[in-house]
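Student: please find the sequence and the predicted model below.
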Amino acid sequence: MTDTTTGTAKELSRSATLWELIARRAALTPDTTVLIEAAQHPADDRRLTFGELRDRSERAAAGLYAMGVRPGTVVAWQLPTRIETVLLSAALARIGAVQSPVIPFYRDREVGFALRESKAEFFAVPGVWRGFDHPAMAERLGARGVFEAYSALPDGDPSVLPPPPASGTDVRWIYWTSGTTSDPKGVLHTDRSLIAGGSCLAHALHLTPADVGSMAFPFAHIAGPDYTVMLLLYGFPAVLFEKFAMPDALDGYRRHGVTVAGGSTAFYSMFLAEQRKDPATKLVPTLRLLAGGGAPKPPEIYHAVVREMGCQLTHGYGMTEVPMITMGSPDDTAEHLATTEGRPPAGMSIRITGPDGGALPAGTDGEVRLRGEAVCQGYLNRDQAPGAPEVFDAEGYLITGDLGHLTEDGYLVLTGRSKDVIIRKGENISAKEIEDLLHELPGVADVAVIGLPDAERGERVCAVVERPAGSAAPPTLAEVTAYLRGAGLATHKLPERLEVVDALPRNEALRKVLKYRLRERFA
């Protein structure tokens, strides 16, 4: 049986829970491939069908249940992008556990915080992966219920399982984002909010069962369920890349006939760089669409992709708190695709507000606020944080801190961020976290960490150090990165540029550092 209708996809999007969506898709197209794991050698590629996704994840759920995982049990997992990771996540969804995915390249500092804040009772790790000993880190952190889930999963008889969860509005997901504070924030999601986000992405891209997608980003990112929902709604497969690097990944794209690729601005730039090595030959012959979000997209990137790669580029706006807010569509005009973030789907309300919180008219810049089913339920333990800013306004709109405006025809244009966040390759990086660590480094009188525009990464991290008084020498970039590595900071947060100034620019009232002046100076 083949599902080819948009109507069926929209019907599936009304599934109450992620497990219900998995089961309904498996009943429709059990023998259709959903995941292809691209290996270095074609003979080592692995495939999983929708029916196998349902059946194998249910057996894994039974194995987890035998270990003591119950509905509501918090299970953290830090796993690379591979078939077993998707199966484990689906198994936890079958039980109704609370999942806390952790990006696999996070280290002691971020992982320890996530484990403590979530009070995780179990922690799934990949063993020694890419040279890093995850079980040893788990032991250092005192993690509970540690088990490896790389090439094998717990297994059991599904007959022992209780009925699947019936409600899709309970909090069952804790995703981590750095935000503007020195510690990550746990973003609370439900099955329904994730299904709503994935539905927005799927419907905007005009996908069909004939498409072949790709996941070159960490499945533990909020984009993981976003993309999975899209596969379940339209019944097409995606190629998984456990390790993504160009040009090595190109063989996987080509031999599996990928039609839709992307991830963020950094991915667009990598594809372009490879295309320019042989401009006369289309890089991936089957590719019709690059799509993504998570970082600023310069208009020239859009035009270069269309002109040089011979495919369309659609870009969107999302965040960990709201996995998909707006998305460009392949049938939008070139002007809209190059200069806007697309339109919101039905059910997503965007309000642009002034300093008093009042709504502003189209074309006027203000703060972006959001309301809709894809919006998160708030932050973990936020109510216990004294002096924490409001998450939602009086009318239930999420206060994003992002700045922009709506056009007369309903497209969103982002113009900046009021939050002090650097977005590098789609990942949020807290400037304050890095600043707090560098203040402890000898030779640093004061420091400001800023994001600078970067065509490949979206933004790059720049540390601006105030020269110390006297004869003490400021640190070098190598010394800064070595110190931060030693403090347990994740590699993707390390500064890529260091500038030394006699004095940081400050205002006259509270002597607050004026970061916009640093961005203007060093951009």
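Tutor: Yep, that arrived.
Student: CA atoms for contacts and neighbours, from now on please.
Tutor: Noted.
Student: doesn't Glu479 make contact with Gly443?
Tutor: No - the pair Gly443 / Glu479 is not scored as a contact, 10.5 Å apart, by C-alpha atoms under 8 Å.
Student: comparing those two, which residue is more hemmed in?
Tutor: The neighbour comparison of Gly443 against Glu479 (other C-alpha atoms under 10 Å) goes to Gly443, with 19 against 12.
Student: ok, the closest residue in space to Tyr106 that isn't next to it in sequence - contacts?
Tutor: The spatially closest residue to Tyr106, leaving aside those adjacent along the chain, is Ala490, at 5.3 Å (C-alpha to C-alpha, 6 or more residues apart in numbering). Counting by C-alpha atoms under 8 Å, 6 or more residues apart in numbering, Ala490 touches 105-107, 109-110.
Student: how much space between Ala490 and Arg107?
Tutor: To Arg107, Ala490 is 6 Å away according to C-alpha to C-alpha, to the nearest Å.
Student: what's the answer for Leu437, then?
Tutor: Distance of Leu437 to Arg107, computed by C-alpha to C-alpha: 15 Å.
Student: got it, and Gly197?
Tutor: 28 Å.
Student: output whichever helix in the chain runs longest as PDB, nothing but the C-alphas.
Tutor: For the chain, the longest helix by residue count, based on DSSP state H, is helix 50-67. Output in PDB follows, covering the C-alpha atoms of helix 50-67 (Å, rounded to 0.1, in the frame of the first residue of the first chain):
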ATOM      1  CA  PHE A  50       8.700   1.800   8.800                       C
ATOM      2  CA  GLY A  51       7.500  -1.600   9.900                       C
ATOM      3  CA  GLU A  52      10.800  -2.400  11.400                       C
ATOM      4  CA  LEU A  53      10.900   1.000  13.200                       C
ATOM      5  CA  ARG A  54       7.700   0.100  14.900                       C
ATOM      6  CA  ASP A  55       8.600  -3.500  15.700                       C
ATOM      7  CA  ARG A  56      12.200  -3.100  16.800                       C
ATOM      8  CA  SER A  57      11.600   0.000  18.900                       C
ATOM      9  CA  GLU A  58       8.700  -1.900  20.700                       C
ATOM     10  CA  ARG A  59      11.100  -4.700  21.500                       C
ATOM     11  CA  ALA A  60      13.700  -2.200  22.800                       C
ATOM     12  CA  ALA A  61      10.900  -0.600  24.800                       C
ATOM     13  CA  ALA A  62      10.300  -4.000  26.500                       C
ATOM     14  CA  GLY A  63      14.000  -4.300  27.300                       C
ATOM     15  CA  LEU A  64      14.000  -0.800  28.800                       C
ATOM     16  CA  TYR A  65      10.900  -1.600  30.800                       C
ATOM     17  CA  ALA A  66      12.700  -4.700  32.200                       C
ATOM     18  CA  MET A  67      15.500  -2.300  33.300                       C
END
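Student: give the other helices and strands that that helix contacts.
Tutor: Contacts defined by 3 or more C-alpha pairs under 8 Å, 6 or more residues apart in numbering; DSSP states H and E place helix 50-67 against helix 18-28, helix 83-95.
Student: how about that helix: buried residues?
Tutor: By 16 or more other C-alpha atoms under 10 Å, the buried positions in helix 50-67 come out as 50-66.
Student: point out where the chain drops to low pLDDT.
Tutor: 1-6, 178-182, 296, 383-388, 416-420, 471, 507-512 (pLDDT under 70).
Student: domains in this structure, by residue range?
Tutor: By the assignment in automatic domain parsing, the chain contains the domains 6-402, 421-522.
Student: out of these, flag the one nearest Val413.
Tutor: domain 6-402 (4.8 Å; C-alpha to C-alpha).
Student: go through the helices and strands packed on helix 50-67 and pick out the most buried.
Tutor: Highest mean neighbour count among these (mean count of other C-alpha atoms under 10 Å): helix 83-95, with a mean of 24.
Student: what's that helix packed up against?
Tutor: helix 18-28, helix 50-67, strand 98-101.
Student: what angle sits between the helix or strand following the first one and helix 18-28?
Tutor: Heading C-terminal from helix 18-28, the first helix or strand you meet, by DSSP states H and E, is strand 33-37. Orientation check (axes from the mean of the first three to the mean of the last three C-alpha atoms, to 10 degrees): strand 33-37 against helix 18-28 gives 110 degrees.
Student: list the neighbouring strands of strand 33-37 plus their orientation.
Tutor: According to DSSP bridges, strand 33-37 forms sheet pairs with strand 46-49 (antiparallel), strand 238-240 (parallel).
Student: what angle separates that strand from helix 83-95?
Tutor: Here the directions of strand 33-37 and helix 83-95 differ by 140 degrees (the same axes, to 10 degrees).
Student: export strand 33-37 as PDB, just CAs?
Tutor: In PDB, the C-alpha atoms belonging to strand 33-37 read as follows (Å, rounded to 0.1, in the frame of the first residue of the first chain):
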ATOM      1  CA  THR A  33      12.400   2.400   3.800                       C
ATOM      2  CA  VAL A  34      12.500   5.100   6.400                       C
ATOM      3  CA  LEU A  35      16.200   5.300   7.300                       C
ATOM      4  CA  ILE A  36      19.400   4.600   5.400                       C
ATOM      5  CA  GLU A  37      22.600   4.700   7.400                       C
END
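Student: any idea how far it is from the chain center?
Tutor: Put simply, strand 33-37 sits 20 Å off its chain's centre (C-alpha atoms, centre = their mean, to the nearest Å).
Student: and stretch 255-262, by the same measure?
Tutor: With C-alpha atoms, centre = their mean, you get 20 Å for stretch 255-262.
Student: mind checking the end-to-end distance for it?
Tutor: 17 Å.
Student: got the contact list for that stretch?
Tutor: 211-216, 239, 268, 284-292.
Student: could you flag which of these are buried?
Tutor: 211-216, 239, 268, 284, 286-292.
Student: dump stretch 314-321 to CSV, restricted to CA.
Tutor: The C-alpha coordinates for stretch 314-321 follow below in CSV (Å, rounded to 0.1, in the frame of the first residue of the first chain):
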residue,chain,number,x,y,z
THR,A,314,14.4,27.4,1.2
HIS,A,315,15.3,28.8,4.7
GLY,A,316,13.3,29.0,7.9
TYR,A,317,13.2,30.3,11.4
GLY,A,318,13.1,28.0,14.4
MET,A,319,14.6,27.6,17.8
THR,A,320,14.8,24.9,20.5
GLU,A,321,11.7,26.5,22.1
